[in-house]
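S.K.: model the structure of this input:
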Amino acid sequence: MTANNNPVRRHNRGLASAVLLAVLGGAIAVPAVAFAAPEEPAAPIITTANTTWQYLDDGSDPAVGTADLRSWTTQGFDDSKWKSAKGSFGAKRGKLEAVGPHTPGTLLNQYLDGKGAPTVPTYFFRSSFELAAGATDGIESIVGDLVHDDAAAVWINGTKVAGFLDDRAKDAGNQVYAGTSNGDPVANTFTAEPSVLTEGTNTVAIALYQDRDTSSDIYLDVPSIRLAKAGETLNAPPSRVILTPTTTPETSQSFSWLAGDATHASGQVQIKRASGGGEQTVDAYMSGLVNSNPKPHYSATVSGLVPASKYSYRVGLEGSWSEWNTFTTADPNAKDFQFIYYGDAQIGLDTTWPEVVRQAEAKAPNSIGSVHAGDLIDTGSNETQWVNWFAGMEKSAATTNVIAAPGNHEYSGDKKLAAWKANFEYPHNNPNAETIGEMAKLAVGDTDVARQYAAYFTHWADFAAETVYFTDYQDTRFITINATRDSAFLTPDNLPACIGADCPSLKVSRLWTDFQGAWLDHVLETSPSKWNVVTFHQPVFSTSAGRNEPILREVWVPIFQKHNIDLVLMGHDHTYARGYVNADKTDTEGITTGPVYTVANSGAKHYDLETDEKNVWTNNGATQVLRGAGVTTYQVIDVSSDKLIYRSYIAEKTATATTDLPVGALYDEFTISKSDAGKKWVTEAGIQAPTEPTIEPTEPTETPTAEPTDEPTATPTDEPTVAPTDEPTVSPTDEPTAAPAPIDPLTLTEQNRGGVVVPASATPGQSIPVTLKDEHAGTKVWAWLYSVPTVLGNFTADASGAFTTAVPAGAAAGTHRIVVQAADGSLVGWAPLQVVAAVDGNVPTATATATATTGAHASDGELANTGAELSIMTGAALALLLLGTVFAGVGIRRRKMNQATSHH
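M.R.: From the prediction side, this is the model:
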């Protein structure tokens, strides 16, 4: 969230600005004058260790016989027959055992019959404290801490001052089940107005609820209830410390956190080089008070950092700092890094989620951060779930960047995403009128339609902030978009009236998708990065039963395909899937081009796969390479200058999982290889991408070749390579002719394989027969040896369509291809040839043949380099002869390849 005001600076421990700028590399704000340290807080009026509680745990209703349902919370209520003890209180399966990390001091009766389920629905607690006359003067608020399992509510002198997950208990009687199962007990803080206090005796009453009749545990602790004086700051460290990226991660970093106490009216970041130097203090701004949590959220962005440098930092304020954490700025000169991709966490936030993160961090210790495809939690308004999500990410989020997309569950109970924008600080490079291209013209004019478009676009430009954004990290552009569509949060206040079929209010869902699509097209068109990764929640190709997103697919998939982006990372379906659009399939099994679409699940919630008949992928022109149910996964992606390697691992599985692989196993793997020119291959594990040529083939030219001799002629290339044989047994045709440009190796596919028969193997320098189809009898052709196109000469096929050539003496051992072209440059055909080293100088007879259907395919392994060194004299002569053609041909070819890339 962006700051709307200038925060008050409270403390300063930085050095002089000149020294700090030298240490941190520049433009960090200079600290202002420090304020005095805050006063020590008042002693708690109630604590676990010192307070005796009256409590009722027998399953009875304390208000029976009274007209007031909540009479038990008032000052005059008689609780003398209740049990009495000091806290904390709890039980685990009826015994005094640990409840998560907490061991209760007093055992509660867990079951109605004292032995087994059903559990006691509600427990009641009362205690009191005394205030002398005038003791409330100057009190600004009452601040209380509560640790509970499951739900709880608090009253002071009969007035309810706090409720945590107790919605089901409202006006439903006293003995009720309430809350949700959150596993371990959770901590919450509440504040109350001092007006509820009285001079003399004050009563605190608490209801503690089980969420269901089979719950395995119950717990309550009240560490502190205290009175905060006006202007007083209570000491407590912050929580939910998280790093999020800026648009310039080389030189800046964003920080967010939840204040440790409701009295923290400001926040700061203290930062220093990890290698040593002075601290700098940078002010934060309050980014929100949400979900009835009295503690404020703070965010700050620090700029002027040094690239590729390690920093230490802490957040909070004087007396209430977090621990020191470290992070490293991006390195603009480096290409290698790894990141983690998570699907929905959502369910099992206190059990499954922290274990998934633990496994992922162990597998990717050098990760620069994590990408999250939405539904981090189940209910956006549920603070307990946010507490648990951040607990699972505690170390990871504080030391590496978190790149997250909102899912539909972030909107649950929080239609304006207030909690999202309070917890995270993301770049404000979201869609607006300047970045949606021609679509912006819809809002121009003085018609009802235009005015309504303008209202939507203005509202969305604000609403999309921090949910639609991008950041560039070391030659990778990470793009996040918002796939959730709901008119309730997409409709602006005071929407202008509009009547007619052209009104945008009639197509809000589609329009919101188009709005982001136009921006996405712009962001990809202007991306300076070699790799482009897009993340959002609802999949364009759904995997689980009953799911389908035709609008997202119709609008966004053509943009992904147009720009040939690399990864489309999604969630929502609580299954796993990975695949591609069928148009990106090649003739080689295990090799595709174009974007890779993935769906992942990183929580404990699982759905069934869609049936084959209703498979959204296959019914919409796409192929699922792998799909699975009952698996919880995390993904580690390694990025380098020319490769992106994706690996998915099983972190947890159900009894009905669709795989037999064990937990911890590698579940899915593929590699994306990409040249600097933009040529890309997606290969399955164990499959090598076709070798990128080291030259750029030229256009056909009328450049004369060298006079025919016993040595084969050369073809213009960036680095001409001719492989002369030691003892040539054949000569090309007597008449010199212009060599056509060699066929681009990347266009030699399974589809055009054939038309040529050659031996299955040969040794360097060996003569081999080449047989063409009958229609080529008597025609002149050119023969080449690939990988690097090396000309073998031009020949005239005999009456049977055959001729003889020789393998260059310098040909490397390995898989090659014999490629034959007609005189006009068209492809006659090709066949694989395995070059093997001669044994004891003996050259075997070439008898076995490789045809279109036999022999090893060239792409089964990496093609051997066919280039051979020229002699000094031959190289010099050919270089002079072909220099002009090389420059002209390469220039033409590069221009065409660049044009093709820009329109791909």
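S.K.: would you mind listing the buried residues in stretch 654-667?
M.R.: Neighbour-count burial for stretch 654-667, counted by 16 or more other C-beta atoms under 10 Å, picks out 657-659, 667. C-beta: built from backbone N, CA, C; applies to glycine.
S.K.: which residues of the stretch 651-800 of the chain score low on pLDDT?
M.R.: In the predicted model of the stretch 651-800 of the chain, residues 692-738, 746, 750-751 satisfy pLDDT under 70.
S.K.: so which residues of it form helices?
M.R.: Counting by DSSP state H, counting those that start in this stretch, the stretch 651-800 of the chain has no helices at all.
S.K.: which of the helices or strands spans the spatially most central residue of the chain?
M.R.: For the chain, V371 is the residue whose C-alpha lies nearest the centre (C-alpha atoms, centre = their mean; 2.0 Å). Using DSSP states H and E, V371 sits in strand 367-372.
S.K.: quick one, whichever helix or strand comes after that strand and strand 367-372 angle?
M.R.: Going down the chain from strand 367-372, the next helix or strand is helix 383-392, by DSSP H and E. Taking axes from the mean of the first three to the mean of the last three C-alpha atoms, to 10 degrees, one finds helix 383-392 and strand 367-372 inclined to each other by 150 degrees.
S.K.: pLDDT averaged over helix 383-392, what's the number?
M.R.: For helix 383-392, mean pLDDT is 93.
S.K.: buried sites along whatever helix or strand comes next after it?
M.R.: Remark: after helix 383-392, the chain's next helix or strand is helix 394-399, criterion DSSP H and E. Buried positions in helix 394-399, judged by neighbour count with 16+ other C-beta under 10 Å: 396-399.
S.K.: can you redo those residues as CSV with distance to H148?
M.R.: Shown next, in CSV, are the buried residues of helix 394-399 (distance: C-beta to C-beta, whole Å):
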residue, distance to H148
S396, 27
A397, 24
A398, 26
T399, 30
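S.K.: which of those sits closest to H816?
M.R.: Nearest to H816 among the buried residues of helix 394-399 is S396, at 47.9 Å by C-beta to C-beta.
S.K.: re the thing from before, any chance of the buried residues of stretch 654-667 in JSON lines with distance to E193 as columns?
M.R.: JSON lines is the format used below for the buried residues of stretch 654-667 (distance: C-beta to C-beta, whole Å):
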{"residue": "A657", "distance to E193": "52"}
{"residue": "T658", "distance to E193": "55"}
{"residue": "T659", "distance to E193": "56"}
{"residue": "Y667", "distance to E193": "54"}
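S.K.: measure stretch 616-623 end to end?
M.R.: Using C-alpha to C-alpha, to the nearest Å, one end of stretch 616-623 lies 10 Å from the other.
S.K.: end to end on stretch 301-319, go ahead and measure it.
M.R.: Length of stretch 301-319, first residue to last, C-alpha to C-alpha: 22 Å.
S.K.: now that stretch, how far from the centre of its chain.
M.R.: 24 Å (C-alpha atoms, centre = their mean, to the nearest Å).
S.K.: could you pull up the mean pLDDT of it?
M.R.: 96.
S.K.: show me what counts as buried in it.
M.R.: 301-303, 305, 307, 309, 311-319.
S.K.: related to what we said a few turns ago, bridging residues for the residue nearest to the centre of the chain?
M.R.: Y341, I403 (DSSP bridges).
S.K.: now for the buried residues of stretch 301-319: which two are most distant?
M.R.: P307 and G319 (33.7 Å).
S.K.: quick revisit: using CSV, list the CA coordinates for the strand holding V371.
M.R.: Taking C-alpha atoms only, strand 367-372 is exported to CSV below (Å, rounded to 0.1, in the frame of the first residue of the first chain):
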residue,chain,number,x,y,z
SER,A,367,16.4,-19.3,-3.4
ILE,A,368,15.9,-15.6,-4.0
GLY,A,369,12.3,-15.9,-3.0
SER,A,370,8.9,-17.5,-3.7
VAL,A,371,6.0,-17.1,-6.1
HIS,A,372,2.5,-17.9,-4.7
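S.K.: show me what that strand is in contact with.
M.R.: Residues from elsewhere that reach strand 367-372 (C-beta atoms under 8 Å, 6 or more residues apart in numbering): 243, 245, 328, 330, 337-342, 345, 360-361, 393, 396, 400-405, 473, 478, 533, 535, 569, 636.
S.K.: alright, I will stop here.
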